Every structure is written in structure tokens, then in C-alpha cells.
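> I'll drop the sequence and a predicted model, then ask my questions.
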Amino acid sequence: MIEYFRDLRLIPIAVVASTCLLALVAADLLLGRVASLSDSDSPRFNEVTVIHAAPGAARPVDNKRSWAQQMFNFPDPKAPPRQRDDMSFLPVIPPLTCCCRSPR
């Protein structure tokens, strides 16, 4: 029994799963069912708006920053470090003590 499970690999399982999914999708399309939104979801989708830029509109370009800095607003590594924020409003957390060790 263990040898059977040892011989079972990931690729045949993935092939069987994708074949089953393809069969379900094909059956759904052949039966003519259309995925529709329920009444509770339709107002949420009606409020969504998409704003497209006008053709020919120039985007602001910042060539000095890398892609990661532009996309994720990473700080400049060559810049001086930021001043530390005031953390005095946070409560003081006592250090953890472990109760599972025996005292020496």
C-alpha cells in the first residue's frame, strides 16, 4: 500500500485535476448556463467607475528613482536616515519570561 502512494506523483494528479476542470467547464457551456450576479451583488458593481487617461496626456516621469521606488515608494538608499518617530505614546511592554526552564 505504501509503495502505491510512493509511486503516485504530482504531475498525474495535476493532469487529472485539470481534465476534470475542463470537463466541468465544457459541460457548463454545453448546458447553456450563464453565470449571473445575485441581486445582492448588483448594486456594488453598478457603483464602480473606471477613469481612463485622455489620449496624449503626459504622465509625470521621475527618472531618478528606480522601478521599485516608483511602484512601492521605497526610500532612496543614499538619502540620510529618517528621524525616529516619537514612540512615547506606546505602552511599555515587559520582557517575556519563560516558565518552562528550571532555575539554575
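That came through fine. Residues are numbered from 1 along each chain as shown.

> Helix or strand with the lowest mean pLDDT in this structure?
Within the chain, no helix or strand scores below helix 42-46, which has a mean of 57 by mean pLDDT, DSSP states H and E.

> tell me which residues of the helix or strand following that one are tucked away?
Remark: after helix 42-46, the chain's next helix or strand is helix 67-72, criterion DSSP states H and E. Using 16 or more other C-beta atoms under 10 Å as the test for burial, helix 67-72 gives no buried residues. In short, each C-beta sits where N, CA and C put it, glycine included.

> elements contacting helix 67-72?
Counting contacts by 3 or more C-beta pairs under 8 Å, 6 or more residues apart in numbering; DSSP states H and E, helix 67-72 packs against no other helix or strand.

> Now do the same for the longest helix along the chain: mean pLDDT, whole number.
Taking DSSP state H as the assignment, the helix of the chain that covers the most residues is helix 10-31. Mean pLDDT, helix 10-31: 91.
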